[in-house]
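Engineer: below is the sequence, then the predicted model.
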Amino acid sequence: MNLEDYKGVFIYAQQVDNEISPIAYELLGKARELAEPLGTNVTAVLVGSGVKDLCGSLAEYGADRVIVVDDPELKDYRTEPYAHALASVINEYKPEIMLVGATAIGRDLGPTVSARVKTGLTADCTSLEIGDFPITPVPGKESKHNQLLMTRPAFGGNTIATIACPDNRPQMATVRPGVMQKIEPKKGAAAEIIEYNPGFTPNNRYVTIKEIVKAVSDTADIMDAKILVSGGRGVGSSENFALLDDLAAALGGTVSCSRAVVDAGWKPKDLQVGQTGKTVRPQIYFAIGISGAIQHVAGMEESDIIVAINKDEDAPIFDVADYGIVGDLNKIVPKLTEEIKAYKAAKAG
Amino acid sequence: MKVVVCVKQVPDTKGGVKFNPDGTLDRAAMLAIMNPDDKAGLEAALKLKDKYGAEVTVLTMGLPKAADVLREAIAMGADKGVLVTDRVLGGADTWATSTTIAGALRNLEYDLIITGRQAIDGDTAQVGPQIAEHLGLPVISYAEELEVDEAAKKVTVKRQFDDRYMMLEASLPCLVTALSELGEPRYMTPGGIFDAVDAEITTWGRNDLKDVDDSNLGLAGSPTKIAKASDKVRKGAGEKVTPDSPEDAVKYIIGKLDEKHAI
């Protein structure tokens, strides 16, 4: 493998039902940052069936070039034809960096593709930067410049490790959704469009889709919320979440929850914040009756302001809260809702 | 029908995570358990044994003490255990690990291979799909339910996605990665524990791996290298107050949010 042959920052532009997933724009935002010190450009790889008209928005969010693999075999996500599409693009166009979202799709596609193109893959990255490997020079060891340094939590968020992939290309990472920032879209921006089809011949590795069942959800995506009112086991019951609904409504925010709440069946899984749920970074995060298990904290600690209300003064949530209130949520939350309404009314008036 | 379940011995995070003075994990001070997703996969395999008389082999890669999880699996009902252990395999990343396990699996007969979705120490979810890639097998990850049609040599899997699930059908042999939803693991039986003590664990080293190149094994054969590892630096605690009344609590919160122009 001649490393010099590999150039450019590529992202996998995930689409589901022919709609670009938010992670694709987040990856483009990060890719632009990484491309600058490398003096290179950004390519989005779009895979699907009838997806060509999605190229425009990828250009607006920062792609210089879009490689489209469009084939009827790619109608719904399946590991094999998608892995064949992405691995073929990598072998043909030789990127130095390949970023994939750490979504349910990306965490399936990434490992298969990385094994096929024989490179390393760093999972669930929360930070990416260009730097030297080794980070600090080691006597007698070659110092490699312009390497992708990939930082990820491990062990349920208890440790973080920075990983490099110095001798193989592309340097490949899956990136946790909700962590990287998309850029302000440039209306009317255009990208170079390349259509590429490596050919798809079904074999034993193609699975058959018998049925697709979508969960019906009318709730807003908690990852997009500016204010989250999040409840834990301490809320006590499904009915008592009404207190949080009211507060969220007064603030113009959205309700989310901890894993214990989902396990108890009080709220659906798509509202769960944490290691096995979603990573959020709202402007204000209210942690109400949430003890603050490390797996929960891993999903919300990047919030701008964290307000915690808990009756247990030793709850670990207070270790990450900017403002911690020891007290009874049943008494505090309804009053807070009233006062927020009054505050907003006064401000508007 | 022959089923191989790949399991990993991992430190238990439930009792709290312990660190060495240098900030690395103190694995010796933590209890070692069978990785939860792998255990759910084992349960699914044991159900196939109950139903169709499938032969269940458990395979692990690790230090010699990882044989403990194989004995636990046998005590739950598995038929055979294979331990892959060798100094030259240490420090492997997911590429080198999956290469190693694929090399061991080439010595075994299987219709179905089950791995856990991910291990609680690394959380990568990579090794299962990568084994399938090395062996040229179809892979279905994130399995919630699994049904085998022995006559048709097919497996049907309910595969979980973010906002949906898919019912997928693959031809055997196939590799499936298990979510914990796949099965609530059964307890070890007294008879099983008795069997497990006496059970012979097959131990394989580097030379027993089939069609594997040295350049793809262990630390040296791992494309990814650790540049830096540390205990996570967390945002420090802010203020903590215990107000005398709910009114004071509310005044405090609104005061702070107003100060920050947050609302």
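Structural biologist: All right, it came through fine.
Engineer: identify the residues contacting residue 118.
Structural biologist: I went with chain A, as the question did not name one. Counting by C-beta atoms under 8 Å, 6 or more residues apart in numbering or on different chains, A:K118 touches A:M1, A:N168, B:W95, B:P223. (Each C-beta comes from the backbone N, C-alpha and C, glycine too.)
Engineer: wait, I meant chain B there
Structural biologist: B:D37, B:T124, B:A125.
Engineer: what do you get if the cut-off is 10 Å, keeping everything else the same?
Structural biologist: By C-beta atoms under 10 Å, 6 or more residues apart in numbering or on different chains, the contact list for B:Q118 reads A:107, A:123-124, B:8, B:35-38, B:124-128, B:141-142, B:177, B:179.
Engineer: now intersect the residues you listed with the strands, please.
Structural biologist: Here DSSP state E is the test, and these give A:A123, A:D124, B:S141, B:Y142, B:T177 as lying in strands.
Engineer: taking the residues you listed together, which two end up most distant?
Structural biologist: A:D124 and B:T177 (15.8 Å; C-beta to C-beta).
Engineer: tell me which of these two has more neighbours.
Structural biologist: A count of neighbours by other C-beta atoms under 10 Å in any protein chain shown puts B:T177 above the other of A:D124 and B:T177, at 30 against 24.
Engineer: residue contacts, the more buried one?
Structural biologist: For B:T177, the contacting residues are A:108, A:111, B:6, B:37-38, B:41, B:113-118, B:125, B:127-129, B:131-132, B:139-143, B:157, B:159, by C-beta under 10 Å, 6+ apart.
Engineer: B:A102: neighbour count?
Structural biologist: B:A102 is flanked by 25 other residues according to other C-beta under 10 Å.
Engineer: ok, now B:N107?
Structural biologist: Counted with other C-beta under 10 Å, B:N107 comes out at 12.
Engineer: ok, now how distant is it from B:A78?
Structural biologist: From B:N107 across to B:A78, the span is 17 Å (C-beta to C-beta, to the nearest Å).
Engineer: so where's the chain shaky on pLDDT?
Structural biologist: I'll assume chain A. Along chain A, segments meeting pLDDT under 70 span A:156-158, A:216-220, A:349.
Engineer: chain B was what I was after
Structural biologist: B:13-25, B:231-236.
Engineer: returning to what we had before: just put the contacts of A:K118 in JSON lines and tack on distance to A:P153, secondary structure and neighbour count.
Structural biologist: Formatted as JSON lines, those follow (distance: C-beta to C-beta, whole Å; DSSP: H, G, I helix; E, B strand; the rest coil; neighbours: other C-beta atoms under 10 Å in any protein chain shown):
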{"residue": "A:M1", "distance to A:P153": "29", "secondary structure": "coil", "neighbour count": "12"}
{"residue": "A:N168", "distance to A:P153": "23", "secondary structure": "coil", "neighbour count": "19"}
{"residue": "B:W95", "distance to A:P153": "20", "secondary structure": "helix", "neighbour count": "27"}
{"residue": "B:P223", "distance to A:P153": "21", "secondary structure": "coil", "neighbour count": "24"}
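Engineer: show me where the chain has its helices.
Structural biologist: The chain I'm using is chain A. A:22-38, A:55-60, A:79-93, A:106-116, A:242-251, A:259-263, A:294-297, A:329-348 (DSSP state H).
Engineer: chain B was what I was after
Structural biologist: Applying DSSP H to chain B gives helices spanning B:36-52, B:67-76, B:94-105, B:127-135, B:190-198, B:246-259.
Engineer: who are the packing partners of the fourth one?
Structural biologist: For helix B:127-135, the contact count by 3 or more C-beta pairs under 10 Å, 6 or more residues apart in numbering or on different chains; DSSP states H and E identifies helix A:79-93, helix A:106-116, strand B:2-7, helix B:36-52, helix B:94-105, strand B:112-116, strand B:139-149, strand B:174-178 as packing neighbours.
Engineer: same check, this time on the last one
Structural biologist: If contacts are counted by 3+ C-beta pairs under 10 Å, 6+ apart, helix B:246-259 sits against strand A:305-310, strand A:323-326, helix A:329-348, strand B:239-241.
Engineer: buried set for it?
Structural biologist: For helix B:246-259, the neighbour count (16 or more other C-beta atoms under 10 Å in any protein chain shown) marks B:P246, B:A249, B:V250, B:Y252, B:I253, B:I254, B:K256, B:L257 as buried.
Engineer: just how off-centre is that helix within its chain?
Structural biologist: 46 Å (C-alpha atoms, centre = their mean, to the nearest Å).
Engineer: again, but for the fourth one
Structural biologist: Here the centre of helix B:127-135 is set off from its chain's centre by 14 Å, with C-alpha atoms, centre = their mean.
Engineer: same check, this time on the longest one
Structural biologist: Its chain's C-alpha centre and that of helix B:36-52 lie 14 Å apart, by C-alpha atoms, centre = their mean.
Engineer: what's the angle from it to helix B:67-76?
Structural biologist: Counting by axes from the mean of the first three to the mean of the last three C-alpha atoms, to 10 degrees, helix B:36-52 lies at 30 degrees to helix B:67-76.
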